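Colleague: below is the sequence, then the predicted model.
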Amino acid sequence: MARNRKSKLFGGAVFSLASLGFGLTLNADAQGQQQVLVIEGGTLIDGNGGAPVPSSAIVIQGNRISAVGRAGQVQVPAGARVIDATGKFVTPGMIDAMAGGYWMYGEGYLHFGVTSVVVNIPRADEGLAMRDAINHGIIQGPRMFQTVIGVGGRNLKSADDARARAKAILAGGADVLGTNDGEAPPEVFAANKDPEKWKDYIGLPPDAYCDMDPAKEQDMIAFLVAHNSAPVPNFMAADRGFASSWHRVQQEDRELFSDPNLRAYYPEYAIQDLYDNVKSPEEFLTPDQISLRSCGFKNHAKFIGDLIAAGGHALVSMDDTQSAPGLGVLQDMAVFQEDAHVPPMKIIQAATKWAADHFHLKDLGTIEVGKLADIDVVAADPTEDIINMRKIDTVIKDGQVIDHAFHPWYNGSIFANDKVSYDTNIVSNPRFVDALKLLTARGPTCGRGRGQDPFRIILCRPLPASRPSRRRPLSRARAIRRSL
């Protein structure tokens with residue numbers, strides 16, 4: 001299948017999507033049973049930005065939408081399961097455009113109606129295994145579009161470097177490509193008054209926006225619109241502490257983790273890490289830093305609002321571990337409304353259609369005939385206030401009504417390397433493996449110089465004396481393992 005690529009700006013990172021054939025693996029049960037589900041009576045907000053349709057009907061056969069229209073004008077198949085959505089509002093399932101996708105987040109995404117995530121943190125085999133396990137119904141979670149990291153890391157210095165790195169990453173099974181732009185030339189920051197001043201800026205925090213030149217801002221907006229490029233402002237991480245809703249964010253996060261079913265499996269280190277990330281700026285910044293960053297945040301939010309008002313797009317994200325899974329997407333949407341002054345309908349699109357379009361997820365993002373049935377039903381009108389997207393009533397993913405509560409037995413940790421850290425290494429101790437490779441390749445250098453790697457010292461120490469035995473002698477590698 002052809003791989004389509006689209007450049008994206010992600011705050012301090014640049015992303016591309018390769019729409020691979022397995023990226024939208026369909027649930028075999030959903031295809032085989034072809035059950036019929038109907039959502040009837042709700043006000044439809046289909047993601048395309050048009051006027052909401054009251055008293056709608058949506059027919060889902062298997063995992064795809066087969067009919068959409070007004071109730072009474074859409075034929076409901078006999079024997080269909082009908083969800084009465086009268087007085088409620090129906091939207092596409094939300095898409096997190098910049099996720100971490102760690103194992104403990106699976107239920108959190110679905111709990112808050114996030115049915116797809118684009119994972120920007122390279123998690124190697126662990127991430128690919130989790131993606132496939134979700135797609136095959138082994139564990140509960142959103143659709144995951146994963147990246148991996150190739151040899152050489154993520155910093156790029158040339159177009160040829162980018163092409164070579166892209167091929168290596170795609171060969172590793174990735175759905176998306178990710179790079180850092182920290183080594184980009186000053187021209188990247190042409191919207192600033194002094195690009196040279198910010199040449200080493202990598203996108204976190206938003207200080208550089210304080211120096212934004214209003215005239216150059218309009219040029220940059222025109223450039224982004226003309227090239228159909230969508231920034232992901234990443235307010236919950238890049239601008240943490242400065243949104244007008246920040247005290248509410250802190251309260252919401254603590255209320256979320258008061259749920260004993262979530263707390264039963266969610267690692268304590270991850271909870272404390274989140275609490276550390278949502279501290280008030282006064283707890284970790286000087287007054288001068290607060291002044292600069294506050295100025296930067298205001299201009300950052302203004303830029304996103306101005307971009308969308310000019311016909312451009314920006315995408316919603318939470319960038320966990322900086323915010324709570326699922327909830328962080330909704331908190332980011334609130335910043336779009338309250339600080340960037342984006343109309344609620346546009347915010348809904350930023351979290352649905354725009355994300356699907358920019359990542360070439362052609363089967364997602366809107367409620368239309370032929371699309372995959374990822375749908376949220378909420379109890380209040382989100383076009384009046386985007387905060388109403390939190391009032392989740394029903395979550396449908398892949399044509400199935402999801403139990404979106406938290407469960408103490410959630411088993412997402414089957415793909416975790418450990419439960420005490422965010423460790424994503426394929427092996428638990430890569431330094432030991434590197435030292436072992438060095439030993440087997442050309443023999444160790446066993447000097448006793450200061451600062452020597454402790455794992456090389458282990459490999460260099462004498463093998464334990466062995467008693468006479470008729471068994472085959474231990475290889476050096478086996479003896480090393482036994483001696484540890």
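Modeller: Received it, and whenever you're ready, just let me know what you need. Numbering: from 1, shown residues only.

Colleague: tell me the secondary structure at Tyr38.
Modeller: For the record, residue 38 is Val, not Tyr. With DSSP: H, G, I helix; E, B strand; the rest coil as the basis, Val38 sits in strand.

Colleague: might you report the residue contacts of it?
Modeller: 57-60, 76-77, 80-83 (Cβ atoms under 8 Å, 6 or more residues apart in numbering). Where C-beta positions appear, they are placed from N, C-alpha and C, glycine not excepted.

Colleague: what pairs with it across the strands?
Modeller: Val59, Val82 (DSSP bridges).

Colleague: state the pLDDT value of it.
Modeller: For Val38, the model assigns a pLDDT of 97.

Colleague: list the contacts of the helix or strand harbouring Ala57.
Modeller: Ala57 is part of strand 56-61, with elements assigned from DSSP states H and E. By Cβ under 8 Å, 6+ apart, the residues outside strand 56-61 that reach it are 34-44, 65-77, 80, 90, 367, 373, 375, 396, 399.

Colleague: list buried members of those residues by neighbour count.
Modeller: For these, a burial check counting by 16 or more other Cβ atoms under 10 Å picks out 35-44, 65-68, 71, 74, 80, 90, 367, 373, 375, 396, 399.

Colleague: what's the burial count for Phe284?
Modeller: Residues within reach of Phe284, counting by other Cβ atoms under 10 Å, total 12.

Colleague: lowest-scoring secondary structure element of the protein by mean pLDDT?
Modeller: Least confident helix or strand, the chain: strand 7-10 with a mean of 36, by mean pLDDT, DSSP states H and E.

Colleague: correct me, but Thr43 touches Thr91?
Modeller: No. Using Cβ atoms under 8 Å as the test, Thr43 is too far from Thr91 to be in contact (9.6 Å).

Colleague: tell me which stretches of the stretch 51-200 of the chain form strands.
Modeller: Ranges of strands within the stretch 51-200 of the chain are 56-61, 64-70, 81-84, 89-92, 94-99, 114-119, 143-145, 176-180, based on DSSP state E, counting those that start in this stretch.

Colleague: other SSEs contacting the second one?
Modeller: When contacts are defined as 3 or more Cβ pairs under 8 Å, 6 or more residues apart in numbering; DSSP states H and E, strand 64-70 packs onto strand 56-61.

Colleague: go ahead and measure how far the strand it packs on is from the middle of the chain.
Modeller: Relative to the chain's own centre, strand 56-61 is displaced by 29 Å; criterion: Cα atoms, centre = their mean, to the nearest Å.

Colleague: one more: stretch 134-154?
Modeller: Taking mean C-alpha positions (Cα atoms, centre = their mean), stretch 134-154 and its chain are 10 Å apart.

Colleague: returning to that earlier point: so of the strands of the stretch 51-200 of the chain, which one's packed in deepest?
Modeller: Compared across these, strand 94-99 shows the largest average neighbour count, a mean of 30 (mean count of other Cβ atoms under 10 Å).

Colleague: contact partners of that one?
Modeller: With Cβ under 8 Å, 6+ apart, strand 94-99 has contacts from 10-11, 105, 109, 112-121, 142, 232, 234, 315-320, 329, 351-352, 355-356, 358-359, 361, 364-365, 376, 389.

Colleague: tell me which of the strands of the stretch 51-200 of the chain lies nearest to Ala309.
Modeller: Nearest of these to Ala309, taken as Cβ to Cβ: strand 94-99 at 19.8 Å.

Colleague: quick check: angle from that closest one to strand 114-119?
Modeller: Orientation check (axes from the mean of the first three to the mean of the last three Cα atoms, to 10 degrees): strand 94-99 against strand 114-119 gives 20 degrees.

Colleague: mean confidence for strand 94-99?
Modeller: 94.

Colleague: got it, and stretch 139-146?
Modeller: 93.

Colleague: quick one: contacts for the closest residue to Gln322 other than its chain neighbours?
Modeller: Spatially, and ignoring its direct neighbours in sequence, Gln322 is nearest to Ala237 (3.6 Å; Cβ to Cβ, 6 or more residues apart in numbering). When contacts are counted by Cβ under 8 Å, 6+ apart, Ala237 touches 204, 277, 318-319, 322-323.

Colleague: repeat for Asp273
Modeller: Per Cβ under 8 Å, 6+ apart, neighbours of Asp273: Thr321.

Colleague: element containing it?
Modeller: Here Asp273, judged by DSSP H and E, is contained in helix 268-277.

Colleague: grab the nearest non-local neighbour of Asp339.
Modeller: Closest residue to Asp339 apart from its sequence neighbours, by Cβ to Cβ, 6+ apart: Ala301 at 4.2 Å.

Colleague: roughly how far apart are the most centrally placed residue in the chain and Met220?
Modeller: The residue lying closest to the centre of the chain (Cα atoms, centre = their mean) is Ala99, at 1.4 Å. Shown here: Ala99 relative to Met220, a distance of 26 Å by Cβ to Cβ, to the nearest Å.

Colleague: and Met345, its phi and psi?
Modeller: Backbone geometry at Met345, expressed as degrees, to the nearest 10, gives phi -60, psi -40.

Colleague: can you report how many residues neighbour the closest residue to Gly399 other than its chain neighbours?
Modeller: Sequence neighbours aside, Asn63 is the residue nearest to Gly399 in space, at 3.6 Å (criterion: Cβ to Cβ, 6+ apart). By the measure other Cβ under 10 Å, the count of residues near Asn63 is 23.

Colleague: hmm, Ile375 and Asn63 touching each other?
Modeller: No. Between Asn63 and Ile375 there is no contact under Cβ under 8 Å: 11.2 Å.

Colleague: mind listing the strands for the stretch 251-400 of the chain?
Modeller: Going by DSSP E, counting those that start in this stretch, the stretch 251-400 of the chain shows strands at 375-378, 392-397, 400-402.

Colleague: residues contacting the last one, please?
Modeller: Outside of strand 400-402, the residues within contact range by Cβ under 8 Å, 6+ apart are 27, 30, 37, 63, 83, 110, 140, 394-396.
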